[in-house]
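In: Sequence first, then the predicted structure, then my questions.
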Amino acid sequence: MIRHIVLVRFQSTVSAAVIDDLFAELHRIEGKLPGLLSITSGRSESPERIERGYLHGFVADFADWAALEAYQLHPDHKRFGARLVAQAEGGLDGILVFDLPVQTQGYPQ
C-alpha cells in the first residue's frame, strides 16, 4: 500500500468554508478510481503544536504505485490540485507531499 500524505499551509485569507469545500471536492473522487482505498482530511489537532503553519492536510491510501499514478493523472485530481495550489501560501511552496510505502495487513501488497 502507498500512503500519500499532503500537508497544506493555506494563505491567511482563505476561509474555513473554502477549505471545507476543497476537502469536499477531494472526497468526491472516492469510488471513482480502482485502488484508491481511502481519503482522510482535516485540520491538525496535535497537542504538540509544531505544525509550522501546515495546519491542514489529507492522507490518501492507494493499493499500489499504479493506483497513485492513476489518481495523479485523473482530471478530478488535476482540477483539485490546481485549486489547492492557488489557495496555498506561496503556491506549491505551501504544500508538502510525502509518499510512504506501507506493509499493512488487510490491504494488497
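Out: Happy to help now that I have it. Numbers count the residues shown, from 1 in each chain.

In: quick one: contacts of the one helix or strand G81 maps to?
Out: For G81, the element it lies in under DSSP states H and E is helix 75-87. With C-beta atoms under 8 Å, 6 or more residues apart in numbering as the test, helix 75-87 has contacts from 8, 10-11, 14, 18-19, 22, 25-26, 28-29, 32, 71, 91-92, 95. Backbone N, C-alpha and C define where each C-beta goes, glycine included.

In: Show residues contacting stretch 39-50.
Out: In contact with stretch 39-50 (C-beta under 8 Å, 6+ apart) are residues 19, 23, 26-27, 29-30, 51, 54-61.

In: now the strands for the protein?
Out: Secondary structure of the chain (DSSP state E): strands at 2-8, 36-43, 56-62, 95-101.

In: so how far is the second one from its chain's centroid?
Out: Read that as strand 36-43. The chain centroid and the centroid of strand 36-43 are separated by 7 Å under C-alpha atoms, centre = their mean, to the nearest Å.

In: Buried residues, it. List them.
Out: Within strand 36-43, the residues that count as buried by 16 or more other C-beta atoms under 10 Å are 36-37, 39, 41.

In: can you tell me the average pLDDT over that strand?
Out: Average pLDDT, strand 36-43: 97.

In: Go ahead and confirm Y54 touches V8.
Out: Yes: the pair Y54 / V8 is scored as a contact, 6.5 Å apart, by C-beta atoms under 8 Å.

In: what's the overlap in contacts for these two?
Out: Common neighbours of Y54 and V8 (C-beta under 8 Å, 6+ apart) are L96.

In: more neighbours, these two?
Out: Shown here are Y54 and V8; by other C-beta atoms under 10 Å, V8 has more neighbours (23 against 18).

In: H56 and I19 touch, don't they?
Out: Yes: using C-beta under 8 Å, H56 is in contact with I19, at 6.0 Å.

In: Those two: which has the busier surroundings?
Out: Shown here are H56 and I19; by other C-beta under 10 Å, H56 has more neighbours (22 against 19).
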